[in-house]
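Student: Turn this into a structure:
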Amino acid sequence: MRRLCVHPLPLILGLGLAGAGLALAAGLIRIPDRWNPFAPPVIADAPNLLTGWKIARLKDAPDQCLTVLKTGPLSFTPVPDRQTAETCGFENAVRVGNAGDPRFSSGFTASCPLMVAWSIFERHVLQPAARRHFASRVTRIDHLGTYACRPVRGGSTPSQHATANAIDIAGMVLADGTRISLTHDWSGDDARKRAFLRDLRDGACEVFRGVLGPDYNAAHRDHFHLDMGRWTICR
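Tutor: Residues are numbered from 1 along each chain as shown. Reported below is the predicted structural model:
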């Protein structure tokens, strides 16, 4: 009879990690919340390797998600879950107005976890980049929408837009009146605007699961697609 030999070290490490995870979940081990994968995200905390995981866990915790979102600057109202088609609709969603700071070009409905991700991005990526490049701040966000019952462009898989889990950002306006758009400035003549937009793309990849921009394909030449879907992509 042949015996199966298993090296004990991976087994010991695996059991140790599993035990540590259970201890963390049960509150038997205390570490700073920003490094605790079972603690909710905090909008005031800079993104780290656990940020995406923490935001993703809010999908099935609507009350906790709203509690987190209330600590940010967004003006929003929770909306009832709604199914509009077999693969379309939204749950754990909010209606965002256009009276916040920065304000959006129009109101929209989006998943709560997406808006938590946006709030973290706005605080730790968008505004710092605006201060670095322009010594100003962003006061208006021009977007192309969130919810749309449709598949991925050129395919049959439902888009993250079909569940209000994505937002398309076309540009922004600074407090000093400077206008920046993906259409004109991603490959435009203004080096500061080009660098600013690339900083936004790179920083977004630290917060959102899906980030697609002009370098991805022609369909995204005029906007950043930001989502909190299952798959990680940064293009």
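Student: all contacts plus neighbour counts: C-alpha atoms, from now on.
Tutor: Will do.
Student: Am I right that Thr84 sits in a strand?
Tutor: Yes - judged by DSSP: H, G, I helix; E, B strand; the rest coil, Thr84 forms part of a strand.
Student: Quick check: it vs Ile167, distance?
Tutor: 19 Å (CA to CA, to the nearest Å).
Student: just Gly229 next, same as before
Tutor: Taken as CA to CA, the span from Gly229 to Ile167 is 12 Å.
Student: Quick check on those two: which one has the bigger neighbour count.
Tutor: Neighbour count, other CA atoms under 10 Å: between Gly229 and Ile167, Ile167 has more, with 26 against 18.
Student: Check the secondary structure at that one for me.
Tutor: Ile167 ends up strand, using three-state DSSP.
Student: How about Gly226: which residues does it bridge to?
Tutor: Just to correct that, residue 226 is Leu rather than Gly. Beta-bridge partners recorded for Leu226 (DSSP bridges): Ile167, Val211.
Student: How are the helices of the protein distributed by residue range?
Tutor: Ranges of helices within the chain are 8-25, 51-57, 62-69, 112-121, 127-134, 182-185, 191-204, based on DSSP state H.
Student: helices or strands up against the shortest one?
Tutor: So that's helix 182-185. strand 166-174, helix 191-204 (3 or more CA pairs under 8 Å, 6 or more residues apart in numbering; DSSP states H and E).
Student: Pass me the low-pLDDT residue ranges in the chain, would you?
Tutor: 1-28 (pLDDT under 70).
Student: could you redo the last one with a cut-off of 90?
Tutor: Applying pLDDT under 90 to the chain flags the ranges 1-34, 86, 98-101, 152-157, 230-231.
Student: residues touching the residue nearest to Thr157 when sequence neighbours are not counted, list them.
Tutor: Setting aside the residues directly before and after it, Thr157 is nearest to Pro151 in space (CA to CA, 6 or more residues apart in numbering), at 5.2 Å. Pro151 makes contact with Thr157, Pro158, Ser159, Ala162 under the criterion CA atoms under 8 Å, 6 or more residues apart in numbering.
Student: rerun that using 10 Å as the cut-off
Tutor: By CA atoms under 10 Å, 6 or more residues apart in numbering, the residues touching Pro151 are Thr87, Cys88, Thr157, Pro158, Ser159, Gln160, His161, Ala162.
Student: What is the neighbour count of the second one?
Tutor: So the one you mean is Cys88. With other CA under 10 Å as criterion, Cys88 counts 20.
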